[in-house]
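*Asks:* here is my input; please provide its structure:
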Amino acid sequence: MIHSKAAIADGIGNFSIQSILVDDTPNGDEVLVQIRAAGICHTDWDSLSWGKPLIMGHEGAGIVKKVGPRVTSLKEGDSVILNWAIPCYQCFACQEGNQHLCEVNSAVIAGNKVSHGHARLEGSKLNGAPVERSFSIGTISEYTLVREAACVKITVEIPFPSAAIISCGVMTGFGSVVNVAKVKAGSSVVVLGSGGVGLNVIQGARISKASKIIVIDINPSRLEMAKKYGATHTILAAKDDVGLLEAASKVKMLTERGADYAFECTAIPSLGAAPLAMIRNAGMAVQVSGIEQEITIDMRLFEWDKIYVNPLYGKARPQIDFRILQELYAKGDLLLDQMVTQTYNIDQLHKAFSDMHVGLNAKGVIVF
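*Replies:* The predicted structure is shown next:
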């Protein structure tokens, strides 16, 4: 076993930095990874209240230190990005191409925010007892034990902090544009919210050659940031604009009849229906941020023939999509280094969360 400093959620709203033990002798298809960087997002904050102790973190990148005897695609010394939606490649969903919805390992099927696709539970111990890893990877830890299927090899020159954020926010935003909506060149796109996910929706739309990328936010500094990632127009929304209907009227002035696509990236339940107000007849609204609360929708917003999609994780196919994202980064099309606006050590996790909540960062990253 190897000592590892890790962030531990207590399940009732708190966390602490503690020393855990991680098994340094991988079995089967297990891989021991030394984490070099771990992205921070709102899901990590939510994990504090999931009703059980957890090793926190679900975005990360690091170096393979040891591999189990059944590992075939990785070797010691490889740099990898960790993927939280771990596919089995054999179930109905995986065979249908929906690896992000894997019926064997998916966090969605598990229903408890912890994937069943984990390496041995006893591979990580806190005070002598096994402790689960968030989404079976637990990246806010110096070391983690994961399955081979959770790792995607890094194939380009990229700093670990930039690589770490690919595995959730970048994939979710970019994939929602490219894999889900399949945004067409020359089309018009509206993005509601310009946080970490929203910025990557903007990038996906830019790379897809959308002609108009209209970004709506209540924070002027976020709108200025959005321009650097590809926004062609920005709308500063009023906090009392219910359902963003006033903003929607401005969108229609810019697009004549409404946008072709609209992406909700705010995670605010009251705005769950807002993208429908932004699009033309037969346009597409995409709920990117993962709103899970019950909401009420005025069905007149669906008139006429509008499509509303609620995808997970940008329909990620990790071994394919992470490599595409790496290549786009290497070409200079996908901005990642600029997105890491602040790095922290693990003892600064409280500050990282505080900065996230006030919208200070495009993306904050823990660096080991």
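*Asks:* which helix or strand in the chain has the lowest average pLDDT?
*Replies:* Least confident helix or strand, the chain: helix 107-110 with a mean of 41, by mean pLDDT, DSSP states H and E.
*Asks:* neighbouring strands for the following helix or strand past it, and are they parallel or not?
*Replies:* Using DSSP states H and E, the helix or strand that follows helix 107-110 in sequence is strand 124-126. Strand 124-126 has its sheet partners listed here by DSSP bridges as strand 15-22 (antiparallel), strand 129-130 (antiparallel).
*Asks:* and stretch 297-313, what's buried?
*Replies:* Neighbour counts over stretch 297-313 (16 or more other CB atoms under 10 Å) mark L301, K306, Y308, P311, L312, Y313 as buried. To be clear about C-beta, it is placed using only N, CA and C from the backbone, and glycine gets the same treatment.
*Asks:* end-to-end on that stretch?
*Replies:* Using CA to CA, to the nearest Å, one end of stretch 297-313 lies 23 Å from the other.
*Asks:* now that stretch: mean pLDDT?
*Replies:* Mean pLDDT, stretch 297-313: 94.
*Asks:* one more: stretch 163-171?
*Replies:* The average pLDDT within stretch 163-171 is 95.
*Asks:* next one: it to chain centre, how far?
*Replies:* For stretch 163-171, the separation from the chain centroid amounts to 6 Å (computed by CA atoms, centre = their mean, to the nearest Å).
*Asks:* same question for stretch 200-208.
*Replies:* Computed by CA atoms, centre = their mean, the separation of stretch 200-208 from the middle of its chain amounts to 15 Å.
*Asks:* dump the residue contacts of the spatially most central residue of the chain.
*Replies:* Nearest to the geometric centre of the chain sits C168, at 2.3 Å (CA atoms, centre = their mean). C168 sits next to G39, C41, T43, H58, E59, W84, Y313 when contact means CB atoms under 8 Å, 6 or more residues apart in numbering.
*Asks:* and the gap between it and V67?
*Replies:* 24 Å (CB to CB, to the nearest Å).
*Asks:* also A150?
*Replies:* Counting by CB to CB - A150 and V67 are separated by 13 Å.
*Asks:* joint contacts of the two?
*Replies:* Counting by CB under 8 Å, 6+ apart, the shared contacts of A150 and V67 are V31.
*Asks:* which one of these two has more residues nearby?
*Replies:* Between A150 and V67, counted using other CB atoms under 10 Å, A150 has the larger neighbour count: 32 against 21.
*Asks:* what's the most buried one of the strands paired with strand 124-126?
*Replies:* Mean neighbour counts were taken over the strands paired with strand 124-126 using mean count of other CB atoms under 10 Å, and the top value, a mean of 18, falls to strand 15-22.
*Asks:* returning to that earlier point: which one of the buried residues of stretch 297-313 is nearest to L325?
*Replies:* Y313 (13.0 Å; CB to CB).
*Asks:* specify the local secondary structure of W45.
*Replies:* Look at W45: counting by DSSP: H, G, I helix; E, B strand; the rest coil, its state is helix.
*Asks:* need the pLDDT of it.
*Replies:* 93.
*Asks:* and for V104?
*Replies:* On the pLDDT scale, V104 gets 83.
*Asks:* how many other residues sit next to it?
*Replies:* Residues within reach of V104, counting by other CB under 10 Å, total 18.
*Asks:* before we move on, what about K125?
*Replies:* By other CB under 10 Å, the residues close to K125 number 15.
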